[in-house]
Each structure stands twice: as C-alpha cells, then as structure tokens.
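Visitor: no sequence on hand, only this structure:
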DNA sequence: TAGATTGTTAATCGATTAACAATC
DNA sequence: TAGATTGTTAATCGATTAACAATC
C-alpha cells in the first residue's frame, strides 16, 4: 500500500513539522508541507489518506497531532536501537552522529575485528566482532548498519541474521540480497555521487546542445 | 529517457563488473549482472538498450567493453572532483573515504567555519568557508557535498551556487530546492534509517498477524 | 452563503515485466 | 539445425496527478 517513496516523504514532513513546532506554529496546510518536502499538496494529502490521517477541511492540520501520528507510523513511540559493524570512516562517523537523536534513533554499540579499535569504556562501546551475537540477543537489538569493506559485507550480513537482526542499512557497494525475515537497504555513497555526476553532466550537455 | 533508478543500476553493474574483471573473467551474461544488482535479466538488457549498449546474441557481453561503456556514461572518463562544506562527523568521514577511488571520485578540499578544523597542510586541506568561491573557481570544481547542520544548509547551497557548483549531494535533513542550473540530491541518514524501521516493523506485524 | 481547503475517485504517466522475434 | 541468449515491442502494474466532490 504505502511505498518507499511515501515513507521517505513522511519522514520529511515530520522533520518540517518539528521545525514548525519549534517556531511555535500550531496549524499547517498541505501546501506548506508540500513546499518543505518538494512535492505537491495533493501528494501530501494522498500520503496522509493512505494512513487514515485527516485534517480539518478549511482548517488544515494541527502540528502536534500530525507529529504524533507520523511518529507512530514511523515507529518513534519507542527509541530504536542500532548496532554498527565496521568502524571505519563511515562507521565511526555514524557512531556519534548527532542528527539521530531527534529521530529517536540510538546507536548502542560498534563492532570491529581490529582490536586497536575496541573500547569498552566509551559512551558507545566498540566491541570485538565475536561478541555481536551475544550483545544483540541480550539487548534485544533489531537493527544494524553494515559499514565494512565490500569483501566482508556478505559474511557480516550472515552474522547479523544469525544474531537476530531484522532490519539493515548496508553501506558497502555490494548489493546484498534481502533474506527472508530481514529488511535490507543497500546505500552506496559512490553510487549516490555517480548519480549526481550523471545528471549534472546530462544537464550541461542539454544546455550547450541548445 | 534514463531515470534515476536506471543510473543507480548502471553503477551497480559497473561495481560487479570490476569485481569480475579482477577475478579474470572475460564474459558476462545479463543473468549474472541481474544477480549482482538484485534485478531481472530483462531489466539489465533494457537498461543497456537505453544507452545503445549491445552484446553478442548467445555470447553475452565482454566485461572490458561493458566497463568502458558504462564508465563513459557515468562520466568516469575523467576524475570528478568534489568539495565538502561542513567538516563534522559525516564530512570528516567522506574526506578520506577510501571507496571513492575506484569510482574516479576525488575529494579535493573541505570547508568549515570553525577555524580549529582548518588545516592547509593536510593531503585534503580544510579551509575557511570564505575561500570556497575562489577555490572552486580557480580549480574548476563542479561538484559539492553539503554536510552542515540543517540550519546552515540553505545558505551553504547559496554559497555553492554562487561559486559555480553544478551538482550537490545534501546530507542535511532539510529538503533543498533544486535550483536552475544545478542538480541537488537530498539524502538524509535519519530518513534512510526511518525507512528501514518502518518496513521492518511492518514485516514483523504481517508475520505475527498471520 | 461564499470561499478555501481537505479527501477521493478516475485518468494519466512512466517504469517494469511479459512475450516474442532476432541471431549467434 | 537446435539451443541459448540478446533485443524490442506490447502489456501490465503502480505511482502520481487531475478533476471534482465534500465540508468547515
């Protein structure tokens, strides 16, 4: 019913709503949210209707109420805890990424095979990879991030599955197959940049072509 | 003609092809590439046909040739240089991200308002934000990455536009409007994780619902 | 009531998939 | 020739958009 695009838009609406709330606004119209997420007002209302969210005809939506409803849909009624496997550049950055807090996302531990990186005392501890299974089970963690080199991505996935992880974001530039019982999203930074390069070069060509 | 999804898939095919080449393979079938990018073989051939890439009926595709053709489409005939504005967690990680090398992507400088972060001697120098315009112009940089807090994202975009940047990846969780003459892709890590959370919770509900 | 906005149904658009023709 | 794979055209599917009805 709701597709991936729709959920991404809900996240964006929520981000905008939090900002509006901080500015003490009370009401919002679909047109405002459309501006913030770079879509049309119809799209906003359609997205809401998929989840039975309704406003006041003529009066728009109450910001507080909308935030509560979208937050519930996105699973923000509780803090969602993640582990990270692979404490390289990206893993290290995500370990203390400040932006997660307002999204009720918490990184609770990192794991790496390199013992020079281990640090049990840190606020977010970095532990030996062997401890992943126990830690995940003991702390009932459901989400994981893979930020290992691509050669290690597949086996990291296996470890996470064995540990009982149910949702994974994979930064390695290798497309992991989505297994039964686990959601996997492949996001490669190289690929994102290549996308921008392609469409930029294309736009330039079109311009000079005219 | 070619949509965003298609270009992302081309990147993935290319990644897989590089790996196959490293293993000394010579030929590849659309079925193989389909496996690597988690799509169907028809999708692969359709993508290729959009760009006039053809193989040998019965004989598949020559890996070397395919890499060359896809690389040309993705703008890899020359190294594409990026600047990063905002040397926080993410910016710092991207500055030295090893995965960019094989994609012919080079980060040439970082910029920040915090002078404690400045370092002209580093391999990838970190410079005061005021120098962005000059640097970009002098070095003919066309691509930029925004990794500043969301409150600063909009003005960073303006600075980049003035400097002449033509393609931008924005990590701030605020949706920047795509201006004339510049490609902007908004990628927020919070949003990506929220997406995974939603679909994981959904899958769990469906399972227990049965 | 008139005007503005929401909410829904139907139409359109674009991307994926199926079917099949071409050919090595 | 028979079999396997590519390449293309047509059909399907799903998401977005347009049109309009509902109502505050």
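Guide: Perfect, I can see it now. Being a predicted model, the structure only gives us computed values, none of them experimental.
Visitor: around the closest residue to DNA strand C within chain A, how many other residues sit close by?
Guide: With C-beta to the nearest atom of the strand as the measure, residue A:54 is the residue of chain A nearest to DNA strand C, at 2.7 Å. Where C-beta positions appear, they are placed from N, C-alpha and C, glycine not excepted. With neighbours defined by other C-beta atoms under 10 Å in any protein chain shown, the count for residue A:54 comes to 11.
Visitor: residues in contact with the nearest residue to it once chain neighbours are set aside?
Guide: Residue nearest to residue A:54 in three dimensions, not counting chain neighbours: residue A:48, with 7.1 Å by C-beta to C-beta, 6 or more residues apart in numbering or on different chains. Contacts here follow C-beta atoms under 8 Å, 6 or more residues apart in numbering or on different chains; on that basis residue A:48 touches A:30, A:54-55.
Visitor: kindly report the same for residue A:129.
Guide: Residues near residue A:129 by C-beta under 8 Å, 6+ apart: A:85, A:111-113, A:159.
Visitor: just the buried members of these?
Guide: A:85, A:111-112, A:159 (16 or more other C-beta atoms under 10 Å in any protein chain shown).
Visitor: just those now: which is nearest residue B:150?
Guide: residue A:85 (27.9 Å; C-beta to C-beta).
Visitor: ok, that closest one to residue A:127 distance?
Guide: Here residue A:85 is placed at a distance of 10 Å from residue A:127 (C-beta to C-beta, to the nearest Å).
Visitor: what are the ranges of the strands in chain A?
Guide: In order along the chain, chain A carries the following strands (DSSP state E): A:27-28, A:61-62, A:80-85, A:105-112, A:126-128, A:143-146, A:167-170, A:183-186.
Visitor: can you sort out which of the contacts of residue A:48 also neighbour DNA strand D?
Guide: Residues shared between those and the neighbourhood of DNA strand D: none [C-beta under 7 Å from any atom of the strand].
Visitor: in helices, which of these appear?
Guide: Judged by DSSP state H, helices contain the following of the contacts of residue A:48: residue A:30.
Visitor: can you put the contacts of residue A:48 in JSON lines and add pLDDT?
Guide: Shown next, in JSON lines, are these (pLDDT from 0 to 100):
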{"residue": "A:30", "pLDDT": "97"}
{"residue": "A:54", "pLDDT": "94"}
{"residue": "A:55", "pLDDT": "95"}
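Visitor: domains for chain A, by residue range?
Guide: In terms of domains, chain A is parsed into A:4-73, A:80-191 (source: automatic domain parsing).
Visitor: pick the most buried one from these.
Guide: Using mean count of other C-beta atoms under 10 Å in any protein chain shown, the stretch among those with the largest mean neighbour count is domain A:80-191, at a mean of 19.
Visitor: let me know whether that domain sits next to DNA strand C.
Guide: No - applying C-beta under 7 Å from any atom of the strand, one finds that domain A:80-191 is not in contact with DNA strand C, the shortest distance being 13.7 Å.
Visitor: so which elements touch the lengthiest helix in chain A?
Guide: Longest helix in chain A by number of residues, with DSSP H as the criterion: helix A:189-209. In this structure, helix A:189-209 packs against helix B:4-22, strand B:80-85, strand B:105-112, strand B:143-146, strand B:167-170, strand B:183-186, with contacts taken as 3 or more C-beta pairs under 8 Å, 6 or more residues apart in numbering or on different chains; DSSP states H and E.
Visitor: the spatially most central residue of chain A and residue A:107, how far apart?
Guide: Centroid-nearest residue in chain A, with C-alpha atoms, centre = their mean: residue A:169, separated by 7.8 Å. When distances are taken as C-beta to C-beta, residue A:169 and residue A:107 turn out to be 12 Å apart.
Visitor: can you put the strands of chain A in a markdown table and add mean pLDDT and distance to residue B:101?
Guide: Listed next are the strands of chain A as a markdown table, based on pLDDT from 0 to 100; distance: least, C-beta to C-beta, whole Å:
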| stretch | mean pLDDT | distance to residue B:101 |
| --- | --- | --- |
| strand A:27-28 | 96 | 45 |
| strand A:61-62 | 97 | 47 |
| strand A:80-85 | 98 | 23 |
| strand A:105-112 | 98 | 22 |
| strand A:126-128 | 98 | 26 |
| strand A:143-146 | 98 | 20 |
| strand A:167-170 | 98 | 20 |
| strand A:183-186 | 96 | 20 |
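Visitor: could I get those strands as a markdown table with distance to DNA strand D?
Guide: As requested, the strands of chain A are arranged in a markdown table below (distance: least, C-beta to the nearest atom of the strand, whole Å):
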| stretch | distance to DNA strand D |
| --- | --- |
| strand A:27-28 | 12 |
| strand A:61-62 | 12 |
| strand A:80-85 | 24 |
| strand A:105-112 | 24 |
| strand A:126-128 | 39 |
| strand A:143-146 | 23 |
| strand A:167-170 | 19 |
| strand A:183-186 | 16 |
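Visitor: closest one to residue B:20 among those strands?
Guide: Among these, strand A:183-186 comes nearest to residue B:20, with 18.4 Å by C-beta to C-beta.
Visitor: what are the pairing partners of that closest one, and which direction each?
Guide: Next to strand A:183-186 in the sheet, as set by DSSP bridges, lie strand A:167-170 (parallel).
Visitor: can you list the residues that contact the partner strand?
Guide: Contacts of strand A:167-170 with the rest of the structure, by C-beta under 8 Å, 6+ apart, involve A:142-146, A:153, A:157, A:160, A:176, A:182-187, B:192-193, B:196-197, B:199-200.
Visitor: how about a cut-off of 7 Å?
Guide: The contact list for strand A:167-170 (C-beta atoms under 7 Å, 6 or more residues apart in numbering or on different chains) reads A:142-146, A:153, A:157, A:160, A:176, A:182-187, B:192-193, B:196-197, B:200.
Visitor: next one: stretch A:180-200
Guide: Contacts made with stretch A:180-200 from outside it, assessed by C-beta under 7 Å, 6+ apart, are listed as A:161, A:165-171, A:173, A:175-176, A:178, B:4, B:7-8, B:11-12, B:74-75, B:80, B:97, B:99-100, B:103, B:105, B:142-143, B:166-167, B:169, B:183, B:185, B:187, B:192, B:195-196, B:199-200, B:203.
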